[in-house]
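Enquirer: Sequence below, structure please.
(one chain, ligands or ions: 2)
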Amino acid sequence: MSNENGIERRKIVVAGLDNAGKTTILALIRKKMVDSSLIKPTRGISRAEAEILGKNVAIHDFGGQKVYRDSYFKDKRFLAATDAFIFVIDLQDIERYDLALEYFDRALGEFAKHGISPMVFIFYHKYDHHYQEKYQEEDERIIRTFENLTNKIEATCKRNGMALSGTFTTSVYNEWSCFSSFHEVWVSLYSQFGSVQEYLSELCGKIPEARMILLLDKDANLIAKKISGTSTGISLEKLQAISGSSIILMNEWTKSGIYDQEEPIANATMKIKESTVMVQKVPAGEDVYYLVILTESGNYEPFKQTIVSISNFLGAFLAKLK
Ligand SMILES: Nc1nc2c(ncn2[C@@H]2O[C@H](COP(=O)(O)OP(=O)(O)OP(=O)(O)O)[C@@H](O)[C@H]2O)c(=O)[nH]1
Ligand SMILES: [Mg+2]
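Expert: Numbering: from 1, shown residues only. Ligands and ions are numbered 1, 2, ... in the order given. Here you go, the predicted model:
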């Protein structure tokens, strides 16, 4: 799909029953501070633009109330050029699983009818509170209904001749579950992510001591990752969250002029228990990314030069992708 300037753009359609949590997830992804009590049921389709790796993604939020559900799939224009179809199911709304499945089936059927074959993703959403507790306690009814649901979802895809590209369990109470699931969708949309991933892995062979290496964009979205060796007790989500906060701090400190320097702050180092986390700015043309490196050694000095040179290579590579 191209916009009026001929710039390539991707389209994501997010659908699901009313109250499934679609708009709340999208508000979170767009990094708005969500007061979900302010989110009203979506009337018709709400469209938003997001940008990742310098590419535009148009996200279409299909309001799920019955009156709208009946209308989208009658008009091919709503569905045209959809690259990814995310179907959100409220796990806590067990009574309406069948209705959700029926809607999912109808949606896939309409895509197929119009010869549109988006990648299909399922967000099993609202995995929190009593539902999560019951699931973790291995409550028989919860486990059984969940398995039944996932089986039916797979069967529905098969019946409509569509592959299921990914399924995720999400909750807005665990915002990283939403970010990382969305990241997977983006990764699938842009093959470039694959090459960034490869390049990062190749470069990072130069720091065998690193346990986790992340490449984040300016909003701390995960662009690529490399995890090696044993766990350090710091999860990827935690590392991403810690780095996100330190990116904000680096920018704030630069702006505040606390550091009496012409140059913006280019890196930050933190010691967490036995590990060292270094966040290195990666300028890439007009954009900026961040390389995050976690080592188990308490000292990052030996890697400092290597990290700076990796960041230069990566910056040049990322700038060329645009
Ligand atoms: N427990 C829980 N509640 C959630 C979660 N995500 C959203 N909600 C709540 O679910 C309700 C519906 O959220 P919306 O985002 O408006 O749902 P929607 O799918 O956009 O609904 P329509 O616009 O009517 O199609 C709100 O009260 C949210 O606060 C979640 O992860 N867990
Ligand atoms: Mg909505």
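
Enquirer: What pLDDT is listed against Glu274?
Expert: Reported pLDDT at Glu274 in the predicted model: 80.

Enquirer: these two touch, right, it and Leu294?
Expert: No. The criterion here is Cβ atoms under 8 Å, and Glu274 misses it with Leu294 at 10.8 Å. All C-beta atoms are positioned from the backbone trio N, CA, C, and that covers glycine.

Enquirer: which element is Val279 on?
Expert: For Val279, the host element (DSSP states H and E) is strand 275-284.

Enquirer: So is stretch 131-148 next to ligand 1?
Expert: No. Using Cβ under 6 Å from any ligand atom, stretch 131-148 never reaches ligand 1; the gap is at least 8.0 Å.

Enquirer: oh, and call the first residue 7 from now on, that's how I've got it
Expert: OK, 7 is where the count begins now, so the last one is stretch 137-154.

Enquirer: any idea how far that stretch is from the chain center?
Expert: 25 Å (Cα atoms, centre = their mean, to the nearest Å).

Enquirer: one step back: who are the packing partners of the following helix or strand past the strand holding Val285?
Expert: Per DSSP H and E, the first helix or strand lying C-terminal to strand 281-290 is strand 293-301. Packed against strand 293-301 by the contact rule (3 or more Cβ pairs under 8 Å, 6 or more residues apart in numbering; DSSP states H and E) you find strand 216-222, helix 242-262, strand 281-290, helix 310-327.

Enquirer: between these, which gets nearest to ligand 1?
Expert: helix 242-262 (15.8 Å; Cβ to the nearest ligand atom).

Enquirer: just to revisit the earlier point, more crowded one of Glu280 and Leu300?
Expert: Counted by other Cβ atoms under 10 Å, Glu280 and Leu300 do not tie: Leu300 has more neighbours, with 23 against 11.

Enquirer: May I see the helices and strands packed on strand 293-301 organised as a markdown table, with distance to ligand 2 and mean neighbour count added?
Expert: Compiled in a markdown table, these are given as follows (distance: least, Cβ to the ion, whole Å; neighbours: other Cβ atoms under 10 Å):
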| stretch | distance to ligand 2 | mean neighbour count |
| --- | --- | --- |
| strand 216-222 | 28 | 23 |
| helix 242-262 | 26 | 16 |
| strand 281-290 | 35 | 21 |
| helix 310-327 | 33 | 16 |
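
Enquirer: So which of these is nearest Asn62?
Expert: Closest to Asn62 of these is helix 310-327 (Cβ to Cβ; 14.1 Å).

Enquirer: who touches that closest one?
Expert: By Cβ atoms under 8 Å, 6 or more residues apart in numbering, the residues outside helix 310-327 that reach it are 59-60, 198, 201-202, 205-206, 209-210, 212-213, 221, 273, 284, 286-291, 293, 295, 297, 299, 306.
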